[in-house]
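Visitor: Could you look at this predicted model? Sequence included:
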Amino acid sequence: MGDKRQLAIIGFKGCGKSTVGHMLAEKTGRPFQDTDQILESLYLKKNGEKLGFREIYIRHGRGYFEDLETEAVGEAMNGEAKVISFGGGSLMTMDARGLSTGDAILIYLTAEPGVLFDRIVAQGIPAFFTTADPRQSFEQLLEKRRPIYEKYADITVDNSYSSPEQTVEEVMEALKEKSLI
């Protein structure tokens, strides 16, 4: 692959960013990084305590989390060409703060709302959903985020019912069609 730009996978929680990201990295011969994992590592370095990204959000609140998330994205975007999985809200934070994704190629993975919701709640209700009505929280957040994902996406691939392998092939085909690889 001659293009040295970052391949950044964006989309709502549960769309398959990490799974597809790992496979896309293998397919393209690039390393893989997940901004949620970088965020957790940064937290450990700064605080001497290991917490998951959900716990960081719960304990320290949205502002602290978004600052750390912005730092994690910046770290991921630097250096050699790689495949990066952005946290579900990373792009919203960057957009709100007027930050750029540089010349990265943004790959938006979508999935039908019902599919996304089922995938998410299978792992437990996230901290950013209200416990009183998680479905309504999900729908409101998805409607808020979708236009931002669409605004920045270089390519969009639906991952509702495809296998990860099929999704990776669709991503590769879309990248080639648009001469992005």
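Guide: Everything's here; your move.
Visitor: Identify each buried residue in whichever helix or strand residue 115 is part of, please.
Guide: Here residue 115 is covered by helix 113-121, with elements defined by DSSP states H and E. Across helix 113-121, burial judged by 16 or more other Cβ atoms under 10 Å covers 113, 115, 116, 117, 120. For glycine as for every other residue, the C-beta is placed from the backbone atoms N, C-alpha and C.
Visitor: Could you do stretch 24-43 as well?
Guide: 24-25, 27-28, 30, 32-40, 42-43.
Visitor: Pick the one among those residues closest to residue 66.
Guide: residue 39 (10.2 Å; Cβ to Cβ).
Visitor: among the buried residues of stretch 24-43, which two are most distant?
Guide: Top of the distance list for the buried residues of stretch 24-43 (Cβ to Cβ): 27 and 43, 30.7 Å.
Visitor: the helices in the chain, which residues?
Guide: Per DSSP state H, the chain carries helices over the ranges 17-28, 35-47, 53-77, 90-96, 113-121, 134-152, 164-177.
Visitor: Of all those, which one comes closest to residue 6?
Guide: helix 53-77 (5.8 Å).
Visitor: Alpha carbons of the longest strand along the chain, as CSV, please.
Guide: In the chain, with assignment by DSSP state E, the single longest strand is strand 105-110. As requested, the backbone C-alpha atoms of strand 105-110 are provided in CSV (Å, rounded to 0.1, in the frame of the first residue of the first chain):
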residue,chain,number,x,y,z
ILE,A,105,-8.9,8.6,5.3
LEU,A,106,-12.1,8.2,7.4
ILE,A,107,-14.1,5.0,7.0
TYR,A,108,-17.6,5.2,8.5
LEU,A,109,-19.0,1.9,9.5
THR,A,110,-22.8,2.0,9.9
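Visitor: ok, that strand: who's next to it in the sheet?
Guide: Sheet pairing of strand 105-110 (DSSP bridges) gives strand 7-10 (parallel), strand 155-158 (parallel).
Visitor: re earlier: could you export the helices of the chain as JSON lines, including mean pLDDT and distance to residue 104?
Guide: Listed next are the helices of the chain as JSON lines, based on pLDDT from 0 to 100; distance: least, Cβ to Cβ, whole Å:
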{"stretch": "helix 17-28", "mean pLDDT": "96", "distance to residue 104": "13"}
{"stretch": "helix 35-47", "mean pLDDT": "96", "distance to residue 104": "12"}
{"stretch": "helix 53-77", "mean pLDDT": "93", "distance to residue 104": "6"}
{"stretch": "helix 90-96", "mean pLDDT": "91", "distance to residue 104": "11"}
{"stretch": "helix 113-121", "mean pLDDT": "95", "distance to residue 104": "23"}
{"stretch": "helix 134-152", "mean pLDDT": "95", "distance to residue 104": "9"}
{"stretch": "helix 164-177", "mean pLDDT": "97", "distance to residue 104": "13"}
